[in-house]
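> Below are the sequence and a predicted model; questions follow.
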Amino acid sequence: MSYAGPQAQAVDHGAELARAGAHVQGWGGSVLYQARRHPLGALGLLIVAAFVLVALFAPFIATHDPLATNAASSLARPGGEHLLGADFMGRDMWSRIIYGARISLIVGIASTLLGCLLGVAVGLISGFWGGWVDLVTQRVNDVLQALPLLVLALVMAAALGPSLQNVIIAISIPVIPNVARVIRSNTLALREMPFVEAARAQGMSELRIAVLHVLPNTLAPVIVLATAQLGSAILTEASLSFLGLGIPEPYPSWGRMLSESAAEYVRTAPWLVIFPGLAISLVIFGTNLLGDAIRDILDPRERS
Amino acid sequence: MLSYIIRRFLLMIVTLFGMSVLIFLLLRLMPGNVADILFDAGGYIDPAERAQIEAELGLDQPIVVQYVNWIGSLLRGDLGYSYITERPAIEEIAPRIPVTAQLALWALVFSVVFGVPLGVISAVRQNTALDYVLRLISLSGLSMPSFWLALLIIMFTVQYFGYIPIYTATPQSVWESLAMYAIPAAAVGFRSSALIMRLTRSSMLEVLRQDYIRTARSKGASENAVNYHHALRNAVLPVVTIIGIEAAFLIGGLIVTETVFNIPGVARFLVESILWRDYPIVQNLVMFIAVVVVVVNFVVDMLYAVLDPRIKYSD
């Protein structure tokens, strides 16, 4: 009976997508096809890809050691030896921003993945098993959603203490209820679908049905949510670091670069304010564009 | 309807109770308590003195007792004492509330005044150059951190006017108070107006696709009448619910903006108290923020039912 399971699901999945008007075809061809239909989304993808490449190849792109201080070039203007100038301690801004991409993307992607993973698990359990489990998880979701994202992340970050992994955990927690809520409602609808009934009639265990049949069908909304959350995760990291509760020294974080330079250098060294903020905005802009396009592509309701 | 209100109200109480437990536990997770921080400066910790301070602050009692004490006094309106200034927490928090409330109000006004009309224009002129420009502006608004925008505004204002209205506790006139709040409010409100614009646009587009709009067109109603009389009324309704989301959204912006502009409001105070591990202040402030968000959402839900006669909460 198990051999019929995945097959039945695959057929149903494709049919579902096709009925919703999706183009059921290979991924390689459809990326190009979608890029033409969503030029802004393609731009977003390019921006995000560029930042990923910068983060991966940071040592080759950076001109200086991002942590090396140099009294001689303290507050050096942009141009010359320091492409984007240098901060008070003489650290090269270009190199710090390049390495900052690593922090920003690692925290953004890791916390989004962690939050989505936990959110999917919670949503699936809550929607599939129902009963008191559902009731309790929904109330916990209510609680987590009643606090503004940044407040929850602030308290979490303070409670866990400053470190890279704790910041990731702190930012992933507010993602959980958002994802869980969507997955739960999707699961509730899917639970009543004929293919789930068929699987049950074949004697499949509930766990297998949940993981093999229901879970794959919730992937589209998860992808939509994940890309939407990525930008806000990156923004939250920047805000936390800006407020002094994010990534600790010596990692170069864009948010902290701004808080270090904020008060004193707004007038005297504007490049310390402009460039890190530009980097944050650009990467979030890219993920927003990409997220919008992915939502348009995957969410049939949004299609006009 | 009445049963819906009651159920919704009870759920709100449950949420707030869960919130109080969560906040309390999170704060007890924090590494090092205030005794550590107070002694950090001295460098040497005398165990006896430390134990005395902990006993004084009630930190040596079992965690359940500490929680019950907190909630009990909270319900009596007693928020405890700030560990740092040793003044009643209520005296520290209360004077800061109007500051943040005013800032939030101006930011909300700013975001609605710009967000709703621009969103409508964007939808009516869908897929024109104007629509693309407006969407791009709204997307950049959502992409820019408020603290960076605030820093940029400070930078350019100082550059071109050589001066920026600084926060004063006692503004001499309404105009001075407006000038003082306008710039920070714009910094917070820009992001919110981008969000409102986006949601207004999609809500308006949704309505414009409805059958009754086609009916209005086919009976010969002018384009303006269709857009602004028939469609706008229904499109603006969902935007009201956004104000509920907005409450939570604004607070995030307020925290960083008050920090940048040095405004002594509750939002900045939260960050300061967290850094100081001033438990009574942090737990009461977070609780206060949660109450505000939950109550605003409750009111918006009720308001929505009143504004839209089609909605019937029967079950």
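Good, I have the coordinates. As the structure is a computational prediction, the values presented were derived from the model and not from experiment.
> residues from the stretch 51-200 of chain B in reach of chain A?
Contact residues, the stretch 51-200 of chain B versus chain A (CB under 8 Å from any CB of the partner chain): B:139-140, B:142-145, B:147-148, B:151-152, B:154-155, B:158-159. (Glycine included, C-beta is placed from N, CA and C.)
> Buried subset of the residues you listed as a ChimeraX selection?
The ChimeraX command for the buried members of those (criterion: 16 or more other CB atoms under 10 Å in any protein chain shown) is given here:
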select /B:139,140,142,143,144,145,147,148,151,152,154,155
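> To what extent is residue A:289 buried, counted in neighbours?
26 (other CB atoms under 10 Å in any protein chain shown).
> swap in residue A:206?
If you count neighbours by other CB under 10 Å, residue A:206 ends up with 13.
> Filter the residues of the stretch 51-200 of chain B next to chain A down to just the ones in helices.
Using DSSP state H, the members of these that fall in helices are B:139, B:140, B:142, B:143, B:147, B:148, B:151, B:152, B:154, B:155, B:158, B:159.
> export those to JSON lines and tack on distance to residue A:98 and pLDDT?
Shown next, in JSON lines, are these (distance: CB to CB, whole Å; pLDDT from 0 to 100):
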{"residue": "B:139", "distance to residue A:98": "25", "pLDDT": "89"}
{"residue": "B:140", "distance to residue A:98": "23", "pLDDT": "88"}
{"residue": "B:142", "distance to residue A:98": "25", "pLDDT": "88"}
{"residue": "B:143", "distance to residue A:98": "20", "pLDDT": "90"}
{"residue": "B:147", "distance to residue A:98": "22", "pLDDT": "88"}
{"residue": "B:148", "distance to residue A:98": "19", "pLDDT": "90"}
{"residue": "B:151", "distance to residue A:98": "21", "pLDDT": "87"}
{"residue": "B:152", "distance to residue A:98": "22", "pLDDT": "88"}
{"residue": "B:154", "distance to residue A:98": "27", "pLDDT": "83"}
{"residue": "B:155", "distance to residue A:98": "24", "pLDDT": "83"}
{"residue": "B:158", "distance to residue A:98": "29", "pLDDT": "78"}
{"residue": "B:159", "distance to residue A:98": "28", "pLDDT": "75"}
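> biggest separation within these, which pair?
Taking CB to CB as the measure, these span a maximum distance of 27.9 Å, between B:139 and B:158.
> Nearest residue to the middle of the chain?
Chain wasn't specified; assuming chain A. The centroid of chain A falls nearest to residue A:230 when counting by CA atoms, centre = their mean (2.2 Å).
> you looked at the wrong chain, it should be chain B
In chain B, the centroid-proximal residue (CA atoms, centre = their mean) is residue B:251; its distance is 2.8 Å.
> how deep is the residue of the stretch 151-300 of chain A found nearest chain B tucked in, by neighbour count?
The stretch 151-300 of chain A approaches chain B most closely through residue A:277 (3.4 Å), counting by CB to the nearest CB. Number of residues near residue A:277 (other CB under 10 Å) recorded here: 23.
> Tell me if I'm right that it and residue B:153 touch.
No - Residue A:277 lies out of contact with residue B:153 (CB atoms under 8 Å); the separation is 11.7 Å.
> Once you drop chain neighbours, what's closest to residue B:186?
residue B:110 (5.8 Å; CB to CB, 6 or more residues apart in numbering or on different chains).
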